[in-house]
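Asks: one predicted model, sequence on top.
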Amino acid sequence: MKTDEALKDYLVHIKVNDGKSRMTVTSYVSDLKQYIEWLHQHDINDTDKIRPRHVQQFMSEQSLDKSGASLSRMAASIRSFHRDLSFMYKVKDPSINLHVSKGQKKLPVYCTEDEIAKLMNSFDDTVPEQLLEHAVLEMIYSCGLRISEVTSLTLARVDLDSAKLRVLGKGDKERIVPIARGSLPLLKKYRDTLRPVFMKKKTQLFFINRFGRRVTPRSVELLLQKKCEELQFEKKITPHKLRHSYATHMLAGGADLRSIQEMLGHSDISTTEIYTHVADSQLFEGYRKFHPGSLEGDLYDDDQ
């Protein structure tokens, strides 16, 4: 079977039958296009000619400039592609022994509470564009949403009276997320005064820009990039780091891990457990900073 044809068939299968989220499908498409292009460059245009050594060689080359997380996702894409081919056409799976080490997990970068306050207080809510921008960032941080989740929110899923959201997350799984009470006045102001002005034609999207169109993930990324420069933040803040900040601050405030898992929409609690490592690092940093015994010099010299 031609590799291009096999890829087309596979993409139809995962979109229609596999129930994968749009973001996952987009990632798989990107990974597999790179894989198929590499095969073509090595004169492999038929799936029957793909051998385990080809798969391993491709991944070895990718490891030169990709992170551990990107490599793991790419390996998952390739395994899924070949597993599907093997099942549908009863052919050997050349990726069956493919293994990629994820390496050590990095602790997520997050904002301090002071940085969040500085960011949110930097907007002039009397200016329409800034009110929209403020409301979008407030929704991400207040509810711990993924950027794709906040930009696809609809009016019917946002209940500001009961301070709850019905979020459609990865794999089209729905979860209920509370909205911080302090965020409600801002979100109501956006919904009731600005959104009707921005709406050029009927739409159910909660967040729309001044043209009446969907607020894009890229526009939010550029907004945060601009804000980092304006506020002279040393760290690079992204929409996902606001989500990390939400989870880290929730845990520091006493929320249990299972509740945080539910609100973030993690299918596996091991994904959420990374935030306990953040809390541990904060604890030890606090110890090193404030405990007398961690200061330079010997605390007990006078006793000797």
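Replies: Great, that's in hand. Residues are numbered from 1 along each chain as shown.
Asks: what residues are up against residue 162?
Replies: Residues in contact with residue 162, defined by CB atoms under 8 Å, 6 or more residues apart in numbering, are absent; none qualify. From N, CA and C alone the C-beta is placed, and that goes for glycine too.
Asks: please report how far it lies from residue 174.
Replies: Here the criterion is CB to CB, to the nearest Å. By it, residue 162 lies 16 Å from residue 174.
Asks: repeat for residue 137
Replies: As it turns out, when the distance is counted by CB to CB, residue 137 lies 23 Å from residue 174.
Asks: neighbour count for the two, which is higher?
Replies: When residue 137 is set against residue 174 and neighbours are counted by other CB atoms under 10 Å, the residue ahead is residue 137, at 23 against 10.
Asks: mind checking the SS state of the more buried one?
Replies: At residue 137 the chain is in helix, as set by DSSP: H, G, I helix; E, B strand; the rest coil.
Asks: ok, it to residue 59 distance?
Replies: Look at residue 137 and residue 59: by CB to CB, they are 37 Å apart.
Asks: then residue 140?
Replies: Going from residue 140 to residue 59 by CB to CB gives 34 Å.
Asks: between these two, tell me which one has more neighbours.
Replies: Between residue 140 and residue 59, counted using other CB under 10 Å, residue 140 has the larger neighbour count: 24 against 19.
Asks: nearest residue to the more buried one other than its sequence neighbours?
Replies: Distance criterion CB to CB, 6 or more residues apart in numbering; nearest residue to residue 140, sequence neighbours excluded, is residue 242 at 4.7 Å.
Asks: that neighbour should be in a helix, yeah?
Replies: Yes: in this structure, residue 242 lies within a helix as judged by three-state DSSP.
Asks: show me which residues of stretch 146-164 are buried.
Replies: Buried residues in stretch 146-164, counting neighbours by 16 or more other CB atoms under 10 Å, are found at 146, 147, 148, 149, 150, 151, 152, 153, 157, 158, 160.
Asks: the third one against residue 23, yeah?
Replies: Yes: using CB atoms under 8 Å, residue 148 is in contact with residue 23, at 5.6 Å.
Asks: ok, the residue nearest to residue 140 - how many residues close by?
Replies: Here the count is done by other CB under 10 Å, and residue 242 has 25 residues near it.
Asks: that one and residue 169, how far apart?
Replies: The value you get for residue 242 to residue 169, if CB to CB is used, is 16 Å.
Asks: same check, this time on residue 150
Replies: Counting by CB to CB, the separation of residue 150 from residue 169 is 11 Å.
Asks: all strands for the stretch 101-250 of the chain, in order.
Replies: All strands of the stretch 101-250 of the chain, identified by DSSP state E, counting those that start in this stretch, fall at 158-159, 164-168, 174-178.
Asks: contact partners of the first one?
Replies: Just to be clear, that refers to strand 158-159. With CB under 8 Å, 6+ apart as the contact definition, strand 158-159 has outside contacts at 165, 166, 187, 191, 206.
Asks: what comes up buried for stretch 111-122?
Replies: Under the neighbour-count criterion of 16+ other CB under 10 Å, stretch 111-122 has 111, 115, 116, 119, 120 buried.
Asks: for the stretch 51-200 of the chain, what are the low-confidence residue spans?
Replies: Screening the stretch 51-200 of the chain residue by residue with the criterion pLDDT under 70, one finds the ranges 64-65, 101-108.
Asks: which elements pack onto the top helix by length along the chain?
Replies: Longest helix in the chain by number of residues, with DSSP state H as the criterion: helix 68-89. The elements that helix 68-89 packs onto, with contact taken as 3 or more CB pairs under 8 Å, 6 or more residues apart in numbering; DSSP states H and E, are helix 3-16, helix 22-41, helix 52-62.
Asks: hmm, back to that, next, format the strands of the stretch 101-250 of the chain as TSV and append distance to residue 246.
Replies: Shown next, in TSV, are these (distance: least, CB to CB, whole Å):
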stretch	distance to residue 246
strand 158-159	17
strand 164-168	13
strand 174-178	10
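Asks: mind checking these for the one nearest to residue 198?
Replies: Between residue 198 and these, the tightest spacing by CB to CB is seen for strand 158-159, at 15.7 Å.
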